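In: Sequence and predicted structure are below.
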Amino acid sequence: MTELQLHILHTNDVHSELLSYARLVTQMRSLRQKLTDEGFDVLCFDLGDHIDLSNPLSYATMGRINANVLNVVGYDGLVYGNNETVTVDHAVWSELAILSQTPMFCSNIAMPDNEWLVPSGMIFTVSGVKVGVCGVTVEYRNLLETIGVASQDPVSLAFNLCQNLYHAGADVVILLSHLGLHIDEMLVDQGIAADIIIGSHTHQFLTNGIKRKNVWIFQAGKHAKAFGHITMTVGKDRHLECVTGCLEYTQEDTPMDEAVAQVIDTYVPIARDELQKSVAVIPTHLAHSLFGESQMVNLLCDQMKETLEVQVAIVNGGVITAGFRMGPVKRGDLLAVCATPMRAVVIDVTGHQLLQLFSDSLRKDLIASQGIGFGFRGHFVGRLHIAGGEVWIDREMSEELCDEQVLTMMIAGKPIDLTQTYRIAVCEYVALSSLFKAIKGPAFRYQAPMLRTMLEKGLQSQSILNSARKPRYRHQDQKIL
């Protein structure tokens with residue numbers, strides 16, 4: 001055997017940026033063809049979060065457009081990211097796998113049996129060299145259990161998968177990881193038996209990769225802004241001798257790949273019909289405020305409280321991005337104002353924690369800060385909204401950003417009891433973001449309905465529509481009844 005040079009192309013966290021992705025594919029396909037013409041072997045992998053249901057085409061087709069795009073690009077394997085595992089209905093997972101016709105290495109999530117599922121990894125034989133490939137994804141166990149999906153710890157499983165591939169005769173082992181860079185580095189530090197980790201989830205643009213101990217870690221950013229190109233040199237003794245990597249950035253003037261563009265064109269009318277379906281007809285306008293109190297968010301809170309049967313429901317205002325005019329509300333309108341894939345969680349907190357949560361939340365810098373992560377798809381974090389209670393402040397509400405002081409709260413018409421335990425529902429962002437420290441600590445339980453589903457149900461309820469117009473923030477001079 002002579003020295004072998006193997007090339008790997010990889011994408012991650014496209015998040016349904018399909019137009020940019022179509023340009024990326026043109027460049028990636030051209031490079032793959034060039035390398036193949038020069039006699040090199042090439043493998044191509046996607047590292048997950050290709051689907052993002054905030055994109056109308058992906059939302060309306062439940063990811064089918066993405067699966068068909070993966071098919072026409074021609075990957076050698078993929079892992080699912082959290083956007084696929086916790087936002088896409090798991091009833092369609094098998095269909096998406098069949099549509100993509102790509103080996104699936106998402107080994108720690110219980111997937112429906114199908115011909116494309118490769119739970120133990122697989123070995124590619126390339127010019128006599130055996131390249132073992134396996135994959136794991138981030139585990140949101142509480143949420144997965146809520147929607148009826150079994151899972152395993154990805155860290156311990158990754159160790160076993162890589163070791164088993166070596167025992168099965170692999171000369172080189174590659175781990176496909178949708179765990180994030182910090183976890184990938186921890187795997188290396190703990191001695192995982194892999195030569196290369198191709199990562200994702202945390203959206204780093206690792207220009208030339210990171211060599212940590214004897215393992216290389218690569219990641220290609222997000223939103224189809226770049227793809228990765230790894231070059232491996234394997235010696236005559238089948239040992240990995242050299243690894244290099246780089247990012248190929250997507251150029252705006254690159255034409256879209258014809259095959260990907262054709263898939264998009266095919267699904268546009270299908271998606272348009274789905275997005276035009278009416279979900280409700282509302283008799284009057286529903287207002288939304290960026291920094292003040294929003295009727296739209298009040299409606300979501302009220303429906304959340306009713307659906308989840310809690311004492312209090314809380315949502316930050318930035319989860320909703322606009323209001324509705326009176327008349328029909330279409331499915332596309334619903335997505336436009338509530339693009340988040342978030343769900344609610346239920347927590348038991350004391351009255352003291354609840355009062356502190358609202359006191360902390362009225363800082364102007366917090367309300368006007370940009371929301372990042374945890375499924376947030378809005379812009380500003382926004383003011384906290386409440387169902388089941390009222391918040392009494394020391395100055396009049398206005399659109400002007402100003403610090404306000406919470407004087408007291410009323411829960412179910414009674415003054416808040418600081419020592420009492422209240423069962424509350426909050427959106428994931430409030431539960432998980434470091435901005436809201438007052439309720440950190442208590443265990444929480446995920447709930448199955450998405451926020452968008454509860455918003456839709458609230459729009460269909462006249463009683464919820466009526467209650468949404470009742471303000472929850474009160475000025476100190478107003479009489480408490």
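Out: Nice, thanks for sending it over. Quantities reported herein were computed from a predicted structural model and do not represent experimental measurements. Residues are numbered from 1 along each chain as shown.

In: which residues touch the helix ranked longest in the chain?
Out: Longest helix of the chain, by residue count under DSSP state H: helix 18-37. With contacts defined as Cβ atoms under 8 Å, 6 or more residues apart in numbering, helix 18-37 is touched by 7, 9, 11, 14, 42, 44, 55, 57-58, 65-66, 69, 73, 223-227, 229, 248, 250-252, 254-257, 259-261, 264. For glycine as for every other residue, the C-beta is placed from the backbone atoms N, C-alpha and C.

In: what about dumping the CA coordinates of the helix or strand just after it to PDB?
Out: For helix 18-37, the following helix or strand on the C-terminal side (DSSP states H and E) is strand 41-46. Presented in PDB, the C-alpha positions along strand 41-46 are these (Å, rounded to 0.1, in the frame of the first residue of the first chain):
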ATOM      1  CA  ASP A  41     -11.200   9.800  -2.300                       C
ATOM      2  CA  VAL A  42     -13.700  12.100  -0.700                       C
ATOM      3  CA  LEU A  43     -16.200  11.600   2.100                       C
ATOM      4  CA  CYS A  44     -18.900  14.200   2.900                       C
ATOM      5  CA  PHE A  45     -20.800  14.600   6.200                       C
ATOM      6  CA  ASP A  46     -23.500  16.900   7.700                       C
END
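
In: I'd like to know which elements strand 41-46 is packed against.
Out: strand 4-11, helix 18-37, strand 77-78, strand 122-126, strand 129-137 (3 or more Cβ pairs under 8 Å, 6 or more residues apart in numbering; DSSP states H and E).

In: Weed out the non-buried ones from the contacts of helix 18-37.
Out: 7, 9, 11, 14, 42, 44, 55, 57-58, 65-66, 69, 73, 223-227, 229, 248, 250, 256-257, 259-261, 264 (16 or more other Cβ atoms under 10 Å).

In: Specify the residue ranges that define each domain of the protein.
Out: What automatic domain parsing lists as the domains of the chain is 4-271, 278-475.

In: could those domains be laid out in TSV, adding mean pLDDT?
Out: Output for the domains of the chain, formatted as TSV (pLDDT from 0 to 100):
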stretch	mean pLDDT
domain 4-271	95
domain 278-475	90
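
In: and the nearest residue to Tyr140 once chain neighbours are set aside, how many neighbours?
Out: Distances taken as Cβ to Cβ, 6 or more residues apart in numbering put Val86 closest to Tyr140, at 5.7 Å, once the chain neighbours are dropped. Neighbour count for Val86, taken as other Cβ atoms under 10 Å: 23.

In: where's Val86 relative to Ser433, distance?
Out: 17 Å (Cβ to Cβ, to the nearest Å).

In: can you check Val329 too?
Out: 29 Å.

In: Sort out for me which of the contacts of helix 18-37 are in helices.
Out: Using DSSP H, those in helices are Leu57, Ser58, Ile65, Asn66, Val69, Val73, Ala259, Val260, Ala261, Ile264.

In: List the residues that contact the last one.
Out: This points to Ile264. Leu18, Leu19, Ala22, Leu57, Ile65, Val69.

In: for the second one, same thing?
Out: Contacts of Ser58 were listed using Cβ under 8 Å, 6+ apart, and they are Ser16, Leu18, Ile51, Asp52, Ile65, Asn66.

In: farthest pair in those residues?
Out: Spanning the widest gap among those are Asp52 and Ile65, at 11.4 Å by Cβ to Cβ.

In: Could you tell me how many residues sit around Gly389?
Out: 23.

In: Could you pull up phi and psi at the residue positioned nearest the centre of the chain?
Out: Centroid-nearest residue in the chain: Asn83, 4.1 Å away (criterion: Cα atoms, centre = their mean). Torsion angles at Asn83 (phi, psi; degrees, to the nearest 10) stand at phi -70, psi -30.

In: Same question for the one 10 residues further on.
Out: In this entry, Trp93 is assigned phi and psi values of phi -60, psi -50 (degrees, to the nearest 10).

In: Done for today, thanks.
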